[in-house]
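In: Predicted model and sequence follow; I will ask about them next.
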Amino acid sequence: MINIDNFPNIPKENKEYFLNYIKTAPENMLKNLKVEKLPKDTIFIRENESVNNVYILLDGVVRAVDYRMHGISYEFMRFYPVKMLGAMEIVLDIEKYCTTLITETSCTILVCPAKEFSNWILNDLNAIKMEMKTIGTYLLEEDRQNRLFLFLQGRDRLFVLLMQYYEKYSKNDRCLVKLTRLELSDRTGISIRTINRSIRKMQEEGLINKENSKILITKKQYEKMLNYISEKID
C-alpha cells in the first residue's frame with residue numbers, strides 16, 4: 001500500500017479522512033492498488049463508458065467536463081486529493097460513468113478494479129456512510145453550480161469564473177489569470193468568440209487589465225465584479 005505521507009500537498013484533514021475511509025478495507029485489495037502518474041489533460045474516465053475501475057486521486061487536480069452541442073464543453077466541478085472517483089457509480093448501482101474526467105494538472109492516482117472495490121464498500125458500513133455523505137455534498141454543489149449558471153449568460157459567467165480565480169490565487173491584492181481563451185471557454189460553456197468580445201468590453205470598462213496578454217485583476221476590480229454579480233443573483 002502506498003504511503004500517503006509521501007504526498008505533502010494533501011491537507012491533514014484529507015489524509016485523516018482517507019485513512020478512516022479505508023481502515024477496514026481488505027489487505028489484499030490495498031496491496032494490489034496500482035499507482036499511475038497521469039500527465040496534464042489526460043481523459044481517464046469517459047461518460048457512458050462501463051465502470052471498470054475506481055480511481056483514488058492522491059496528487060493534482062481533476063475536472064469534470066460536460067460536452068455540449070456545437071463543440072462547446074462546460075466544466076462544472078473540480079476534484080482535489082483525496083477523492084474517490086468512480087465510487088459514486090458503484091454505490092448508486094450505475095453501470096456506466098456519469099461524467100467525463102480529465103486531469104487539469106499532472107496527477108498521481110491509485111487504480112482499483114471496480115469489482116474489488118464494490119465487494120468491499122457495499123459490505124462496509126463505515127465506508128459506505130462516508131461515501132454517501134460525499135455523494136450528497138457533490139450533488140448539492142453540482143446543483144448549486146448549475147442553478148447559478150442557468151441564470152447567468154455571456155460575460156456574467158466569465159465574471160463568476162474570474163472572481164473564483166481571484167479568490168483562490170490572488171496575492172498582494174492582485175491576480176494574474178493564467179488561463180487560455182480555450183480554458184476560459186471550457187470553464188464557462190461559452191464560445192471563444194464571446195470570451196474575446198467580453199474581455200475587450202471588460203477592459204474598456206476598467207474591470208480588468210492586461211499584462212503580457214494575460215488578464216490582470218486588482219482587488220478593486222474584483223470588488224466591482226462581486227457587487228455586479230451580487231445584484232444579479234440576489
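Out: It's in.

In: Lys12 and Leu19, how far apart?
Out: Here the criterion is CB to CB, to the nearest Å. By it, Lys12 lies 11 Å from Leu19. In short, each C-beta sits where N, CA and C put it, glycine included.

In: higher neighbour count, these two?
Out: Neighbour tally, Lys12 and Leu19, criterion other CB atoms under 10 Å: the higher count belongs to Leu19, 11 against 7.

In: tell me which element that one falls in.
Out: Assigned by DSSP states H and E, Leu19 falls within helix 12-21.

In: Tell me which residues of the next helix or strand after that helix come out buried.
Out: Once the chain leaves helix 12-21, the next helix or strand it forms, by DSSP H and E, is helix 27-31. Within helix 27-31, the residues that qualify as buried are Met29, counting by 16 or more other CB atoms under 10 Å.

In: now swap in stretch 38-45 and tell me
Out: Per 16+ other CB under 10 Å, stretch 38-45 contains these buried residues: 38, 44-45.

In: Please write out the alpha-carbon positions of it in CSV.
Out: Only the C-alpha atoms of stretch 38-45 are listed here, as CSV (Å, rounded to 0.1, in the frame of the first residue of the first chain):
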residue,chain,number,x,y,z
LEU,A,38,-1.1,10.9,-15.5
PRO,A,39,0.1,14.0,-17.4
LYS,A,40,-2.0,17.1,-17.7
ASP,A,41,-5.1,17.0,-20.0
THR,A,42,-5.5,13.2,-19.8
ILE,A,43,-9.0,11.9,-20.0
PHE,A,44,-9.1,8.8,-17.8
ILE,A,45,-12.9,8.5,-17.3
